[in-house]
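Q: sequence and predicted structure, then a few things I'm wondering about:
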Amino acid sequence: MAGPKQRKGTKTISAVAPNGDHVRSSGCFYCARGSPIHSPAENPRENGISMAPVVSETRNGGQDVWDAAAVERREAQSGVAKAFPEHLVIMVNGIIGNATNWRYAADQFVKRLPDKVVVHCSQCNSSTRTFDGVDQMGNRLAEEVKEVIENRPGVKRISFVSHSLGGLVSRYAIGVLYEPPSGSSTGAHNNCDIIDGNLNQDVEEESKGKIAGLEPVNFITFATPHLGSRGYKQLPFVCGLPMLEKAASRSAHWFVGRSGRHLFLTDKDDGKPPLLCRMVTDCGDLYFMSALRAFKRRVAYSNVSYDHMVGWRTASIRRQCELPELRKVPVNEKYPHIVNVENGNDGNSITRVAASKSDHITDAVEEEMVAALTQLPWERVDVSFHKTKQRFFAHSTIQVKWYWMHSEGSDVIFHLIDNFVI
């Protein structure tokens, strides 16, 4: 849960106590059991465990998380003040969310990779600002990322980890932030009125483009409706009933504003195709697909069931007939809720659920989006909480939005970090 409101520019210390509890305080530092601990400069580690990830509030309200002891060591070695780790991880919340939603994951990142990453939990699109539309939110996120980079000298690489609608916002933001290689003709003849995801390049070759001047590494989404929320069981809580799905499509903007129009592909700005359709190609000076292609890896985590907000198909960027048959046991006992993993393009060897006319009526627009996005290799991680008490909150459990309510998703966060490319 969010802590007390801070004055702009103040700092808070979040300590990771030996028992695993997280303690936040301003000025004084105490562990969960009541025994005092020192500031990070005085006692940075205990028994080899990182004791003091530091949080500072930036001007836009986002939270930066890093290991104070690691920064001090880098400063001592380099002689440079504020020698932060070189890898910046941007974490983006979903609809009606805020920076605290990713706080558990941010703490785990810093605890496990103290010398490698500095994490920024975005705040520019919080609460009802998530109703403003993917484009407006994407532009705000792009500006926030630029500001963070300016305030974090020495960062060289960048990754995005996003939840739900935040994944679409991140895809838009990287399209804004993308910098083509010098001499490249990318985007010179892009036509936003034509839905064409053909990259006209060998997708096996990594782009040399940058994201805000940094090397792009990981682009990771959790329960993101990449194909929108329109169509059969893409919005699971309406139970796949055609009448309710049509009603949701027509009324979404009443509840979540322009974001609802974008999610259901009912926006028609200046007669152009829906925004999500334009985002599967390079559109004018917005390099949506070139930016995605620039990342070394793209990963889609998805709930296979009990996610009432985002369907399995849209979150995993698959056609109905491509959904795999799930194993009865976890892929790895270390991650008990991960039931299937596809690495890049190796998913063709997995047994698929046969499509039937009653299961899914082919949607031409959705097919175009799938075909365009899957020109790039995606790692897919399928998650199931069906045996847990927290299964009905799967949409939030997958990111451990609040540890006290969504703790069952912690193994998914560990999987994220263990496979993170530095």
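A: That came through, no problem. Residues are numbered from 1 along each chain as shown.
Q: what about stretch 112-121, start to end distance?
A: Its start and end residues considered, stretch 112-121 measures 17 Å (Cα to Cα, to the nearest Å).
Q: swap in stretch 369-384?
A: Here the two ends of stretch 369-384 are set 25 Å apart, with distance taken as Cα to Cα.
Q: what do you get for stretch 152-166?
A: Distance across stretch 152-166, first residue to last, is 23 Å (Cα to Cα).
Q: average pLDDT for that stretch?
A: Taken as a whole, stretch 152-166 has a mean pLDDT of 94.
Q: then stretch 341-349?
A: 66.
Q: residue 329: what secondary structure?
A: Taking DSSP: H, G, I helix; E, B strand; the rest coil as the rule, one finds residue 329 in the coil state.
Q: what's the burial count for it?
A: By other Cβ atoms under 10 Å, the residues close to residue 329 number 9. C-betas here are computed from N, CA, C, even on glycine.
Q: what residues are up against it?
A: Residues near residue 329 by Cβ atoms under 8 Å, 6 or more residues apart in numbering: none.
Q: likewise residue 210?
A: Counting by Cβ under 8 Å, 6+ apart, residue 210 makes contact with 178-179, 216, 294.
Q: now it: phi and psi?
A: Per-residue torsions, residue 210: phi -120, psi 160 (degrees, to the nearest 10).
Q: and it, what pLDDT?
A: Residue 210 is assigned 96 on the pLDDT scale.
Q: show me what it bridges to in the sheet.
A: Note on residue 210: beta-bridge partners by DSSP bridges are residue 179.
Q: and the gap between it and residue 153?
A: Distance of residue 210 to residue 153, computed by Cβ to Cβ, to the nearest Å: 17 Å.
Q: just to revisit the earlier point, just among the contacts of residue 210, which is most surrounded?
A: Highest neighbour count within the contacts of residue 210, by other Cβ under 10 Å: residue 178, with 27 neighbours.
Q: what kind of secondary structure is the closest residue to residue 420 other than its chain neighbours in?
A: Nearest residue to residue 420, sequence neighbours excluded (Cβ to Cβ, 6 or more residues apart in numbering): residue 218, at 6.1 Å. Under three-state DSSP, residue 218 falls in the strand class.
Q: got the contact list for residue 218?
A: The neighbours of residue 218, taking Cβ under 8 Å, 6+ apart as the test, are 159-161, 295-297, 299, 420-421.
Q: which of those fall in helices?
A: Per DSSP state H, helices hold no members of these.
Q: turn those into CSV, including neighbour count.
A: Shown next, in CSV, are those (neighbours: other Cβ atoms under 10 Å):
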residue, neighbour count
159, 25
160, 28
161, 29
295, 24
296, 13
297, 19
299, 21
420, 21
421, 12
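Q: what's the farthest-apart pair in those residues?
A: Maximum pairwise distance among the contacts of residue 218 (Cβ to Cβ): 14.3 Å, between 161 and 296.
Q: quick revisit: which one among the contacts of residue 210 gets closest to residue 390?
A: Nearest to residue 390 out of those is residue 216 (Cβ to Cβ; 33.0 Å).
Q: what bridges to that closest one?
A: Beta bridges link residue 216 to residue 158, judged by DSSP bridges.
Q: my guess is it contacts residue 291. True?
A: Yes - Residue 216 is within contact range of residue 291, at 7.5 Å (criterion: Cβ atoms under 8 Å).
Q: so for these two, which residues contact both of them?
A: Contact criterion Cβ under 8 Å, 6+ apart; residues shared by residue 216 and residue 291: 174, 209.
Q: where along this structure do the helices fall?
A: Using DSSP H, the helices of the chain run over residues 68-78, 103-112, 134-150, 165-177, 242-263, 275-278, 288-294, 312-316, 364-373, 394-397, 403-406, 410-418.
Q: looking at these, which has the lowest confidence?
A: Ranked by mean pLDDT, the helices of the chain bottom out at helix 242-263, with a mean of 68.
Q: what's the spacing between residue 287 and residue 371?
A: From residue 287 across to residue 371, the span is 19 Å (Cβ to Cβ).
Q: the two: which has the busier surroundings?
A: residue 287 (27 against 13).
Q: which ones are touching the nearest residue to the more buried one once chain neighbours are set aside?
A: Of all residues not flanking residue 287 in the chain, residue 178 sits nearest, at 4.0 Å (Cβ to Cβ, 6+ apart). Listed by Cβ under 8 Å, 6+ apart, the contact partners of residue 178 are 209-211, 287, 290-291, 294.
Q: was I right about residue 324 contacting residue 382?
A: Yes - when contacts are counted by Cβ under 8 Å, residue 324 is listed as touching residue 382 (7.1 Å).
Q: pull the number of nearby residues for residue 370.
A: Residue 370, neighbours per other Cβ under 10 Å, totals 20.
Q: how much space between it and residue 313?
A: Distance from residue 370 to residue 313, counting by Cβ to Cβ: 9 Å.
Q: need the overlap of contacts for those two.
A: Counting by Cβ under 8 Å, 6+ apart, the common neighbours of residue 370 and residue 313 are 227, 319.
Q: the residue nearest to the spatial centre of the chain and residue 315, how far apart?
A: Central residue of the chain (Cα atoms, centre = their mean): residue 162, 1.3 Å from the mean position. Separation of residue 162 from residue 315 (Cβ to Cβ): 12 Å.
Q: which residues are in contact with each of those two?
A: Here residue 162 and residue 315 have 221, 224 as joint contacts, going by Cβ under 8 Å, 6+ apart.
Q: list the contacts for residue 162?
A: Neighbour list for residue 162: 91-92, 94, 169-170, 220-222, 224 [criterion: Cβ under 8 Å, 6+ apart].
Q: these two touch, right, residue 100 and residue 126?
A: No - using Cβ under 8 Å, residue 100 is not in contact with residue 126; the gap is 9.3 Å.
Q: hmm, who's touching stretch 74-92?
A: Here stretch 74-92 makes contact (Cβ under 8 Å, 6+ apart) with 66, 70-71, 102, 105-106, 109, 115-122, 125, 141, 145, 148-149, 152-163, 166-167, 169-170, 214, 217, 422.
Q: would you pull up how far that stretch lies from the middle of the chain?
A: 22 Å (Cα atoms, centre = their mean, to the nearest Å).
Q: now do stretch 270-282
A: Chain-centre distance of stretch 270-282: 21 Å, with Cα atoms, centre = their mean.
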